[in-house]
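A.B. asks: Need a 3D model of the sequence below.
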Amino acid sequence: MALLREYLLYLRVEKGLRPLSCEAYARDLEMFAEYLEGTQAVLETAQQREVAGFLEHLHRHQIEARSVARKLSCLRGFYKWLLLDKRIRHNPTVNIESPKAWKVLPKALAESETAEMLDTATVAATGAAGDAVALRDRAILELLYAGGVRVSELTGLRTEDLQLDAGRVMVRGKGDKERVVPLGRAAVEALTEYLDRGRPMLAKRNRGGGLFLSQQGRTLTRGWIWELVKNKSGGRASPHMLRHSCATHMVGNGADLRTVQTLLGHADIATTQVYTHLAMDRLKAVHRAHHPRARTKAARGAE
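C.D. replies: This is a model prediction of the structure:
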């Protein structure tokens, strides 16, 4: 479809979205176009009733609220582009409410489960190559958890993006936006060891441009990272779950939502508000512990 190709070109060139993001937008728009075939409408002539019907169709087929919200966001961007380009007179998505997807708490590992997974990454196979692989795996897991980085951000890292003396790394997120991610002591130590003793061994055969290399010297792929996390966690986790675990554990230990938003690279604080209830739980606990009218009568009488 020419219109769809034109929009994807706009996303790629003018908005600076990465290929994977453009592919996701294309899938969502193609799905909507297929739905419209049964309503005698096409993308350019779709009205509010068709958009609302599409969302209801997704709901009936038990598509998660998060996915529905993402598809609606995609449609909003598409019709805003058509409106600005004066191809349509009204945006059919204007008065449609987004599903309250942020209320669904993402799954996260417990802190003890995360520690156990990181410890398993230190077990090396025999020989220098096995040691290099173990150092690499540990560095990858520490970075995913310590920095809350996306798997696409991790695979795009180069050695020059690391600033370990300052305890930070520069990552390129959605829309090619750069942000500085602070790293803790454990992540800095793991990355330092990998750079000193692991990567030189892996880069001997065929130098790759990426930070993390396979045993053949090639830059690791997204799929490979997913398999690594799955294997090291005993099938319990994914790279995305480590990102949520990072945020969940930070909020649980007192971090404010604005800090977590900056760390994760969320453009909108609403995305980070999925962790609100964790912050509220901590606030309630602090209130109960320190406010004189929040303690029980027995506790006040014992003072």
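A.B. asks: pLDDT below threshold where in the protein?
C.D. replies: For the chain, applying pLDDT under 70 flags the ranges 100-106, 122-129, 205-208, 277-283, 286, 295-303.
A.B. asks: Kindly report the domain assignment for it.
C.D. replies: The record's domain split for the chain, according to automatic domain parsing, is 2-101, 111-236.
A.B. asks: looking at the ones you listed, which is buried most?
C.D. replies: The highest mean neighbour count among the domains of the chain, using mean count of other C-beta atoms under 10 Å, belongs to domain 111-236: a mean of 17. The C-beta positions use only the backbone N, C-alpha and C, and glycine is treated the same way.
A.B. asks: and the end-to-end length of it?
C.D. replies: 13 Å (C-alpha to C-alpha, to the nearest Å).
A.B. asks: now the strands for the stretch 51-200 of the chain?
C.D. replies: Ranges of strands in the stretch 51-200 of the chain, per DSSP state E, counting those that start in this stretch, are 162-163, 168-172, 178-182.
A.B. asks: want to throw those into a markdown table with distance to A121?
C.D. replies: Formatted as a markdown table, the strands of the stretch 51-200 of the chain follow (distance: least, C-beta to C-beta, whole Å):
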| stretch | distance to A121 |
| --- | --- |
| strand 162-163 | 19 |
| strand 168-172 | 18 |
| strand 178-182 | 20 |
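A.B. asks: What is the neighbour count of L264?
C.D. replies: Residues lying near L264 (other C-beta atoms under 10 Å) number 22.
A.B. asks: One more: the one 5 residues further on?
C.D. replies: The number of residues packed near I269 is 11, by other C-beta under 10 Å.
A.B. asks: Could you pull up the residues touching it?
C.D. replies: L257, R258, Q261 (C-beta atoms under 8 Å, 6 or more residues apart in numbering).
A.B. asks: Quick check: the first one vs H266, distance?
C.D. replies: Translated: L257. 10 Å (C-beta to C-beta, to the nearest Å).
A.B. asks: Which residues are in contact with each of these two?
C.D. replies: In contact with both L257 and H266: T272, using C-beta under 8 Å, 6+ apart.
A.B. asks: related to what we said a few turns ago, adding distance to T276 as columns, could you present the domains of the chain in TSV?
C.D. replies: Below are the domains of the chain laid out as TSV (distance: least, C-beta to C-beta, whole Å):
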stretch	distance to T276
domain 2-101	12
domain 111-236	17
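A.B. asks: thinking again about what came up before, looking at the contacts of I269, which is nearest S21?
C.D. replies: Nearest to S21 among the contacts of I269 is Q261, at 19.5 Å by C-beta to C-beta.
A.B. asks: mind listing what the spatially closest residue to the closest one that is not a sequence neighbour touches?
C.D. replies: In space, and not counting its chain neighbours, Q261 is closest to T272: 4.2 Å by C-beta to C-beta, 6 or more residues apart in numbering. If you count contacts by C-beta under 8 Å, 6+ apart, T272 has them with A247, L257, V260, Q261, L264, H266.
A.B. asks: Secondary structure class of T272, three-state.
C.D. replies: T272 falls in the helix class when you classify it by DSSP: H, G, I helix; E, B strand; the rest coil.
A.B. asks: Next: the one 4 residues further on.
C.D. replies: Taken by three-state DSSP, the conformation at T276 corresponds to helix.
A.B. asks: One more: M201?
C.D. replies: With three-state DSSP as the basis, M201 sits in helix.
A.B. asks: Please consider this matter closed, and thank you.
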